[in-house]
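K.L.:
One predicted model, sequence on top.
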Amino acid sequence: MHAPPLVGWLLVLLCAAAAAYCLVRAARTGPDAYRGDARGEGLMALGMAAMALPASAVPPPRWSPWMFTAVFAVAGVWALVRRHPHHAVGTLAMVYMALAMAVPPDRMNAAGPVGQAGSMGSMGSMGSTGRVESMGAMGAMAHAGPGGVPLLTGLLLVYYTVYVIAAGVRLVPADAGPPGVLRACRVAMGIGMLAMLLAL
């Protein structure tokens, strides 16, 4: 994630608080269906907190993005099997962000300036070697920005913006029971997902 450490720590606190609230309160009271959903949301929030840890403070292992990809992919398949569309979208969004962390931005758009600079490098007669190398460096710098696919990131941002607004409206009047707690956790996690997508 391309975000200041303070933003990362705030995300960690938000997601960890949502996880604790879901696992401690909602997962222990209410019907079995709500308790199962609360446990799932709590574990999802813990995964989000782990992904949001600032790399400058806690350097992640090189294999961590692939671990997140595998774990959230399994969770996404499980959510689809249980017919929980919102949970499936959340887990697949986490898979997408984990892949964006693992795959260099220049590989996500092979037809960009890096590819063009490489093809120009094969035409040595068209210019000097130094000029071609400088253009290649400029292409690499152009791809050093945010990761991910802009269209997919935008679609996820729209989805979570609409979800947070709609779910937040349904929280009023507040429901202190297990269903209200679960909805509050989902709103908090939706806000965290928005922040993580913006910082991608």
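P.N.:
Yep, that arrived.
K.L.:
Helix or strand next in line after whichever strand or helix holds residue 20, which one?
P.N.:
Per DSSP states H and E, residue 20 falls inside helix 5-24. Once the chain leaves helix 5-24, the next helix or strand it forms, by DSSP H and E, is helix 32-52.
K.L.:
Other residues contacting that next one?
P.N.:
1, 8, 11-12, 15-16, 18-23, 26-30, 68, 71-72, 75, 79, 84, 87, 90-91, 94, 97-98, 178-179, 181-182, 185-186, 188-189, 192-193, 196 (CB atoms under 8 Å, 6 or more residues apart in numbering). No exception for glycine: its C-beta is placed from N, CA and C like everyone else's.
K.L.:
By neighbour count, sort out the buried ones in these.
P.N.:
By the neighbour-count criterion of 16 or more other CB atoms under 10 Å, these include these buried positions: 1, 8, 11-12, 15-16, 18-19, 21-23, 26-27, 30, 68, 71-72, 75, 79, 84, 87, 90-91, 94, 97-98, 178-179, 181-182, 185-186, 188-189, 192-193, 196.
K.L.:
residue contacts, residue 159?
P.N.:
Shown here is residue 159, whose contacts under the criterion CB under 8 Å, 6+ apart are residue 89.
K.L.:
so where does it fall, helix or strand?
P.N.:
Here residue 159 is covered by helix 150-170, with elements defined by DSSP H and E.
K.L.:
Need the mean per-residue confidence for that helix.
P.N.:
Taken as a whole, helix 150-170 has an average pLDDT of 92.
K.L.:
May I have it exported as CSV, CA atoms only?
P.N.:
Once side chains and other backbone atoms are set aside, the C-alpha atoms of helix 150-170 remain, and they are given as CSV (Å, rounded to 0.1, in the frame of the first residue of the first chain):
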residue,chain,number,x,y,z
PRO,A,150,-7.5,1.3,-12.4
LEU,A,151,-10.8,0.1,-13.7
LEU,A,152,-11.1,-2.7,-11.2
THR,A,153,-10.0,-0.5,-8.4
GLY,A,154,-12.6,2.1,-9.4
LEU,A,155,-15.4,-0.5,-9.5
LEU,A,156,-14.5,-1.7,-6.0
LEU,A,157,-14.4,1.8,-4.7
VAL,A,158,-17.9,2.5,-6.1
TYR,A,159,-19.2,-0.8,-4.6
TYR,A,160,-17.8,-0.1,-1.1
THR,A,161,-18.8,3.6,-1.2
VAL,A,162,-22.4,2.6,-1.9
TYR,A,163,-22.3,-0.2,0.6
VAL,A,164,-21.0,1.9,3.4
ILE,A,165,-23.6,4.6,2.8
ALA,A,166,-26.5,2.2,2.5
ALA,A,167,-25.4,0.1,5.5
GLY,A,168,-24.7,3.2,7.6
VAL,A,169,-28.2,4.5,7.0
ARG,A,170,-29.7,1.2,8.1
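K.L.:
Just the buried positions in that helix, please.
P.N.:
153, 156, 159, 160, 163, 164.
K.L.:
Following that helix in sequence, what is the next regular element?
P.N.:
Next in sequence after helix 150-170, counting helices and strands by DSSP H and E, comes helix 178-198.
K.L.:
which secondary structure elements does that next one contact?
P.N.:
When contacts are defined as 3 or more CB pairs under 8 Å, 6 or more residues apart in numbering; DSSP states H and E, helix 178-198 packs onto helix 5-24, helix 32-52, helix 85-102, helix 150-170.
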